[in-house]
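Peer 1: pasting the sequence and the predicted model now:
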Amino acid sequence: DPRYNMISEEVKAALDAAIAAAEAEVAAGAYTEETYKALEEAIEAYYEAYPDTTNLGNLLRDAAAQAETADESEEALGYFQKGAAAELLAVVEEVKAIHEGDKILTKEEITALENKIKDAVKAFWGKLITPEGGKYYVLRSATTNENVYGSVIYAANSDVDYPVYWGEKDADATYQLNLAWRLDKKEDGTFSLFNVGTGRYLKNICDVEDLDEVNLSKALTQSDVPSYFSFGYAGKPGEFVVQMAESRYLNTDPTQGLVVNWNSLGGNSNFTFEEIESFDDGGMMNMVRATAGEYNIITLPYAVTGLDGCYKVVGRIGNELQLTSFEDSEVVEAGVPFIADMTEVDAENNFILFMLNEAPEELTYSFEAKTQNGLVGVLNDTELLPGRGLFIDQKVMLSEEGDVAAAGTGYLCGDIPEVEEEGELTFTLPEDLITAIGNVTIERNEAKGVYSITGVKVRNSQMTKGALKNLPKGVYIIGSKKYIVK
């Protein structure tokens, strides 16, 4: 083998010595870990030095296949610029002629040709027409799975430990801002995604030193700092793959309703980016999820106004909680909790509509949850001490051990001031709440949305306890765990 003769005598001698040492120990029946590792290293060094052209051939075939699938028929997102495929194929043919020629290539020559193909492919991808930086988009799944196809990528709240979901096929991002993402692009083409409704960035969980530590199908979360991704061609014009790291891609997991990382293309890794040209259709309005048939404590990371059907705490008269409604133009600042009356809302309508105090493009965010006369705001999942007040079945009831106030909600503590003014809406407070200490222990907890085994969201829950109450028999997913209702 003439290629064998190209390997240095030093590498060949080291391999021969390692083999001889291993054979001697095997014959003696007493081999050591040290000898085994030495043999492994010698074999690895041999293959590293061997001028093998197998990988070069694979790169050529892959590059040719990519060029052949490139669509240059339109000047639109997900299409290639004119001439991109021809330029890549020209390099492929040039390298292919050398690869298939009579000359036996050295290791250095093979490496140089591999790099030439890689550089040509990189330049080819640079001619893919991608979404522009500074604009707003809806990310929609283009999977072949009909249950997932058309679903939108969204963040449920501002908790950076909360997973990112897919769903909301028919929703309008001009009214529902947690479906809208601002794309910010760097000069190298990588980009970050900022969620307008939560004030957080989509987190690239694969941007780590040791990728093996990131489990496949681990859900994406959010971050308070930019995190970057790369565009890739999905094999169909108008569609993209979102690359997180080498062989790791954004993926819509059809079993959990979560956006995850995955190591293969196709199927659930294809997306479209639909530009939101204007938020004017939303008329400065935004819809937020709430529980129908219940009083909801809501805390948002941005200021809102126009709170029709919403209340603030005035105080208490004895053990009677006093609430009053907001003035039409009254502004609730970011992080300040309030109570929304959803008791007359149909069960299928799990949203409440607010007026923004600023245009969506100009929203300012605050992630400091505040307290309003004993009503405590929550922007992260918060595990409560027993004795806090929660609205359950249209009454104020005490929290129990292990109960959680979900991100974007809140709870009542005992620090409610005594007042003389009667409110428009009253609730009887449990006696233990009146004397309770206002401080709580805050801990992180997993998401508490309840999903069917097929990934369909069946319930929002502000508490861990009772999340499965009255659901039909079956298997449900809360966070990353499965529960059986018998």
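Peer 2: Received it, and whenever you're ready, just let me know what you need.

Peer 1: for Leu321, give me its contacts.
Peer 2: 313, 396, 412, 416, 423, 426-429 (CB atoms under 8 Å, 6 or more residues apart in numbering). No exception for glycine: its C-beta is placed from N, CA and C like everyone else's.

Peer 1: now pLDDT, distance to Pro360 and secondary structure too, for those residues, in JSON lines please.
Peer 2: Compiled in JSON lines, the contacts of Leu321 are given as follows (pLDDT from 0 to 100; distance: CB to CB, whole Å; DSSP: H, G, I helix; E, B strand; the rest coil):
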{"residue": "Val313", "pLDDT": "97", "distance to Pro360": "29", "secondary structure": "strand"}
{"residue": "Val396", "pLDDT": "94", "distance to Pro360": "34", "secondary structure": "strand"}
{"residue": "Leu412", "pLDDT": "94", "distance to Pro360": "31", "secondary structure": "strand"}
{"residue": "Ile416", "pLDDT": "93", "distance to Pro360": "34", "secondary structure": "coil"}
{"residue": "Gly423", "pLDDT": "95", "distance to Pro360": "33", "secondary structure": "coil"}
{"residue": "Thr426", "pLDDT": "96", "distance to Pro360": "36", "secondary structure": "strand"}
{"residue": "Phe427", "pLDDT": "96", "distance to Pro360": "34", "secondary structure": "strand"}
{"residue": "Thr428", "pLDDT": "95", "distance to Pro360": "40", "secondary structure": "strand"}
{"residue": "Leu429", "pLDDT": "93", "distance to Pro360": "38", "secondary structure": "coil"}
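
Peer 1: among those residues, who's most crowded?
Peer 2: Leu412 (29 neighbours; other CB atoms under 10 Å).

Peer 1: that residue contacts Val378, correct?
Peer 2: No. Judged on CB atoms under 8 Å, Leu412 makes no contact with Val378 at a distance of 11.5 Å.

Peer 1: find residues that contact each of the two.
Peer 2: With CB under 8 Å, 6+ apart, Leu412 and Val378 have no common neighbours.

Peer 1: how about the strands in the stretch 101-250 of the chain?
Peer 2: 135-141, 152-155, 164-167, 181-185, 191-195, 201-202, 222-223, 230-233, 240-245, 248-253 (DSSP state E, counting those that start in this stretch).

Peer 1: for those strands, which one sits closest to Val345?
Peer 2: strand 164-167 (19.8 Å; CB to CB).

Peer 1: neighbouring contacts of that closest one?
Peer 2: So strand 164-167 is in contact with 141, 148, 151-156, 202, 219-222, 252, 257-259, 449, 457, going by CB under 8 Å, 6+ apart.

Peer 1: and that strand, how far out from the chain middle?
Peer 2: 8 Å (CA atoms, centre = their mean, to the nearest Å).

Peer 1: let me see the mean pLDDT of that strand.
Peer 2: For strand 164-167, mean pLDDT is 94.

Peer 1: only alpha carbons, please: show that strand as PDB.
Peer 2: Taking C-alpha atoms only, strand 164-167 is exported to PDB below (Å, rounded to 0.1, in the frame of the first residue of the first chain):
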ATOM      1  CA  VAL A 164     -40.100  27.100  25.400                       C
ATOM      2  CA  TYR A 165     -43.200  25.600  23.700                       C
ATOM      3  CA  TRP A 166     -44.800  25.100  20.300                       C
ATOM      4  CA  GLY A 167     -48.500  25.500  19.600                       C
END
